[in-house]
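Asks: Provided below are the primary sequence and the corresponding predicted coordinates.
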Amino acid sequence: MKRTIGIVGSLMLIAAPAWATTASHCVKVDRLQIEGLFERWNSALKTGEAKKVTDNYLSDAVLLPTASNKVRLTEAERLDYFEKFLAKKPVGNIDSRTIRLGCNKAVDAGTYTFTFADNSKISARYTFTYAWDGAQWKISTHHSSAMPET
């Protein structure tokens, strides 16, 4: 038993320097870039194409949508939601926001208003969490809920 632990311990010591020297690389991002991610998403909404919208999300992203009680955890579920939502021709406008930056992640939270083709509007609270996927920033979590007092 002691010999087995010694061998495993030795292997861990050999492997440890590789882990220790491979520091996590943080992609630099600033507030304006994160603000631009909302504009990228909103521009995708304006195309009316659900796939262009869902391309902004990680494959395992969580969507807690404004106009549905169903949590959307898969690409197919997000496509289903946006196909219905986009039929109303929404355009989003940020009313207020707070952005927090971290290592390969960022949070944009605040309030926004959607205006639809029929000129109706809905105000909502939102949180977008973004993650760097190695090539670009993608939405990892998106929560949106209609304002309770409107």
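Replies: It's in.
Asks: could you give the separation of stretch 53-63 from the chain centroid?
Replies: Distance of stretch 53-63 from its chain centroid, counting by C-alpha atoms, centre = their mean, to the nearest Å, is 7 Å.
Asks: contacts for that stretch next, please.
Replies: When contacts are defined by C-beta atoms under 8 Å, 6 or more residues apart in numbering, stretch 53-63 is touched by residues 37, 40-41, 44-45, 47, 71-73, 75, 77-79, 81-82, 86, 131, 133, 138-143. C-betas here are computed from N, CA, C, even on glycine.
Asks: which of those residues are buried? Put it as a PyMOL command.
Replies: The command below creates a PyMOL selection of those among these that count as buried (16 or more other C-beta atoms under 10 Å):
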select buried, resi 37+41+44+45+72+75+77+78+81+82+86+131+138+139+140+141+142+143
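Asks: OK, contacts around E49?
Replies: If you count contacts by C-beta under 8 Å, 6+ apart, E49 has them with L86.
Asks: and it, backbone torsions?
Replies: E49 adopts backbone torsions of phi -110, psi 110, taken as degrees, to the nearest 10.
Asks: repeat that for the one 5 residues further on.
Replies: The phi/psi pair for T54 (degrees, to the nearest 10) reads phi -70, psi -20.
Asks: can you get me a residue count around it?
Replies: As a burial measure, T54 scores 24 neighbours (other C-beta atoms under 10 Å).
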